[in-house]
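K.L.:
mind folding the following:
(one chain, ligands or ions: 1)
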Amino acid sequence: MKLWKGRFQKEPDPKTNDFNSSISVDSRMARQDILGSVAHAKMLGEQGIIAPEESEKLQAGLLDILRDIESGTLPIDPDAEDIHTFVEGELTARLGDTGKRLHTARSRNDQVALDARLYLRDVCGELVPQLRALIRVLARRALEHADAVMPGYTHMQRAQPVTFGHHLLAYCEMLLRDVSRFEDAQKRMDVLPLGAGALAGTTYPLDRQRTAELLGFSQVSRNSLDAVSDRDFCAELAFCAALTMTHLSRLCEELVLWCSWEFRFIELDDAFCTGSSIMPQKKNPDLAELIRGKSGRVFGDLMGILTMLKGLPLAYNKDMQEDKEAVFDALDTLKLCLTPLIPMLETLTVRREALRAAAAGGFINATDCADYLVAQKGVPFRDAYRITGELVARCIQLGETLETLPLAEYQALCPLFDEGVYSAIDLDRCVAGRTAVGGPAPDNVRREARRVLDELEESA
Ligand code: ARG
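P.N.:
This next block holds a predicted model:
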């Protein structure tokens, strides 16, 4: 039976009930719905809007329902219209007329806006520590491989030397920004919408500050129309999740590449790979691929929310019921991806010798060779650049690298070269010399990794 039965002469078409209902999506907010109602009932009692004894009864009855739902003794009716109706219906079944007083000075429109904020606040409370755990693992592995020289790439071509630790710390930076974006979104979400009523507030003497205090909000909404029609927080959290997924997807793309036999930079632990049904030799990085793949659905969730909102007149419209499925999916998916990713990074083996071999083979010290001519021989950079390009071409012709090319070959192209060039292009020196802040010198990488770990420690 519907709460709003009075106005209608017919029962709703039974075939439309599933379409209209949101219980399958919003039943997960049962706890927040009930705690929001407890605070509302308490404030109503304190303000004398309902009798104090009835307020007490409502609060106790609501907490009983919460206990019964969480212990599994009260199953949620899958045919209910939504979680708000279900809880109120159950309360009235248990308390009779007292139960009917709960919805005084409230609408489902401000109620659902409240529940979503409370629920999403709790989700962020679990998600952000998980993101921090991921950053921690990356920083620890970076510390461990601060001096493992590898090629850095541009255009997927070997470019200049970096270290494996430096590469991992790039992801720490991205993810630290993600954490701060989630924290920032949470600050804007920290506003109580309850009291906005259906759209125009209420004539009852509410104490909204008191409700806010009871529910741990630092502010109350300042415009009733905005309070019930604002879903910016859903869009913002979906964006935070989408951008984080972009970062995870890029990292996973690299893991997939790195564990291919073309690279063999890393070996994933068997526990995080799968085999093939036909090819006995296969060890596939399915989990990394799935994380990369799941980013798409999170972008879809964000697009869905933005598109749903863009044409809505003020204030509440039923379209907005679509917000929850999308934002829940975005955050669920992100959480789901973090679970295998953290141990996968923790257990992967870094094949340092393969990193070193790739670094040695790609002329990634060519810039350093040109810089040697500039710094030690006073050659203008553009000339040094051309000479080194010719040296590289000569190496390719002879099947040599800059390290193995005889000095006579160097001097044939530019008589200023001497033995000193070999130490100038030594890979370890090339990396160690990049000491300005943000550079890949192993000492920098160690310092930055420790800074990241300290920051995580402080905010834990
Ligand atoms: N299930 C609805 C939602 O999620 C609750 C609000 C319904 N309000 C209304 N007037 N139909 O948005």
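K.L.:
how about the nearest residue to the residue of the stretch 301-450 of the chain found nearest the ligand, chain neighbours excluded?
P.N.:
Using C-beta to the nearest ligand atom, the closest approach of the stretch 301-450 of the chain to the ligand is made by Gln321 at 3.7 Å. Quick note: C-beta positions are derived from backbone N, CA and C, even for glycine. Of all residues beyond its chain neighbours, the one nearest Gln321 is Ser22 (5.1 Å), with distances taken as C-beta to C-beta, 6 or more residues apart in numbering.
K.L.:
quick one: residues contacting the residue nearest to Asp418 when sequence neighbours are not counted.
P.N.:
The shortest distance from Asp418 to any residue that is not its chain neighbour, by C-beta to C-beta, 6+ apart, is 7.5 Å, and that residue is Leu407. Contacts for Leu407 were tallied using C-beta atoms under 8 Å, 6 or more residues apart in numbering; they are 417-419, 421.
K.L.:
surely Gly361 is in contact with Thr401?
P.N.:
Yes - applying C-beta atoms under 8 Å as the test, Gly361 and Thr401 come out as touching, 6.6 Å apart.
K.L.:
out of these two, which sits in the busier spot?
P.N.:
Thr401 (16 against 11; other C-beta atoms under 10 Å).
K.L.:
which helix or strand contains Met150?
P.N.:
Following DSSP states H and E, the helix or strand that holds Met150 is strand 149-154.
K.L.:
Glu236 against Glu183, yeah?
P.N.:
No - contact criterion C-beta under 8 Å: Glu236 and Glu183 do not qualify, at 11.7 Å.
K.L.:
so these two - more neighbours on which side?
P.N.:
Neighbours were counted for Glu236 and for Glu183 using other C-beta under 10 Å; Glu236 has more, 21 against 13.
K.L.:
mind checking the SS state of the closest residue to that one other than its chain neighbours?
P.N.:
When the adjacent residues along the chain are set aside, Glu236 lies closest to Ala185, with 4.4 Å between them (C-beta to C-beta, 6+ apart). Classification of Ala185 into helix, strand or coil gives helix, according to DSSP: H, G, I helix; E, B strand; the rest coil.
K.L.:
which ones are touching Ala185?
P.N.:
The contact partners of Ala185, taken as C-beta under 8 Å, 6+ apart, are 124, 233, 236-237, 240.
K.L.:
check Asp97 too.
P.N.:
Going by C-beta under 8 Å, 6+ apart, Asp97 touches no other residue.
K.L.:
what's the burial count for Cys273?
P.N.:
Summarising burial for Cys273: neighbours were counted as other C-beta under 10 Å, giving 17.
K.L.:
hang on, it packs against Lys283?
P.N.:
Yes - the pair Cys273 / Lys283 is scored as a contact, 4.8 Å apart, by C-beta under 8 Å.
K.L.:
and the closest residue to the ligand within the stretch 151-300 of the chain, backbone torsions?
P.N.:
Closest approach of the stretch 151-300 of the chain to the ligand (C-beta to the nearest ligand atom) occurs at Ala198, with a separation of 7.1 Å. The phi and psi values for Ala198, taken as degrees, to the nearest 10, are phi -70, psi -40.
K.L.:
kindly provide the distance from the spatially closest residue to it that is not a sequence neighbour to Ala133.
P.N.:
Closest residue to Ala198 apart from its sequence neighbours, by C-beta to C-beta, 6+ apart: Ser107 at 3.8 Å. Distance of Ser107 to Ala133, given as C-beta to C-beta, to the nearest Å: 40 Å.
K.L.:
of these two, which one has the most company?
P.N.:
In this comparison of Ser107 against Ala133, neighbours counted by other C-beta under 10 Å, the higher total goes to Ser107 at 19 against 15.
K.L.:
what sits against the more buried one?
P.N.:
Applying C-beta under 8 Å, 6+ apart, one finds that Ser107 lies in contact with 196-199, 228.
K.L.:
and what of Lys377?
P.N.:
Applying C-beta under 8 Å, 6+ apart, one finds that Lys377 lies in contact with 416-417.
K.L.:
how about the backbone phi and psi for it?
P.N.:
For Lys377, the backbone dihedrals (degrees, to the nearest 10) come out as phi -120, psi 0.
K.L.:
likewise Thr163?
P.N.:
Given degrees, to the nearest 10, the pair of backbone angles that Thr163 has is phi -120, psi 160.
K.L.:
so how far is Gly275 from it?
P.N.:
Going from Thr163 to Gly275 by C-beta to C-beta gives 33 Å.
K.L.:
of these two, which one has the most company?
P.N.:
Here Thr163 and Gly275 are set side by side on neighbour count (other C-beta under 10 Å), and the busier one is Thr163, at 28 against 13.
K.L.:
now for the more buried one: which residues touch it?
P.N.:
Thr163 makes contact with 145-150, 431, 440, 442, 445, according to C-beta under 8 Å, 6+ apart.
K.L.:
just the buried subset of the residues you listed, please.
P.N.:
When neighbours are counted using 16 or more other C-beta atoms under 10 Å, the contacts of Thr163 contain these buried positions: 145-150, 431, 440, 442, 445.
K.L.:
mind putting the residues you listed in TSV, pLDDT and distance to the ligand included?
P.N.:
Supplementary listing: the buried ones among the contacts of Thr163 in TSV, determined by pLDDT from 0 to 100; distance: C-beta to the nearest ligand atom, whole Å:
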residue	pLDDT	distance to the ligand
His145	98	48
Ala146	98	50
Asp147	97	54
Ala148	98	51
Val149	97	55
Met150	97	50
Val431	95	55
Pro440	97	50
Pro442	98	54
Val445	98	48
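K.L.:
now, those residues that are in helices?
P.N.:
When DSSP state H is applied, the buried ones among the contacts of Thr163 are split such that 431, 442, 445 fall in helices.
K.L.:
closest to Ala212 among the residues you listed?
P.N.:
Within the set of those, Val445 lies nearest Ala212; the separation is 45.9 Å, counting by C-beta to C-beta.
K.L.:
show me the contacts for that closest one.
P.N.:
If you count contacts by C-beta under 8 Å, 6+ apart, then Val445 has 142-143, 146-147, 163, 165-166, 169 around it.
K.L.:
out of those, what pair is the most spread apart?
P.N.:
Within the contacts of Val445, Asp147 and Leu169 form the most distant pair, 13.2 Å apart (C-beta to C-beta).
K.L.:
in the stretch 351-460 of the chain, what spans have low per-residue confidence?
P.N.:
For the stretch 351-460 of the chain, applying pLDDT under 70 flags the ranges 460.
K.L.:
hmm, I typed the wrong one, I wanted the chain.
P.N.:
Counting by pLDDT under 70, the ranges of the chain that qualify are 1, 460.
K.L.:
go again with 80.
P.N.:
Residues of the chain that meet the criterion pLDDT under 80 lie in 1-5, 459-460.
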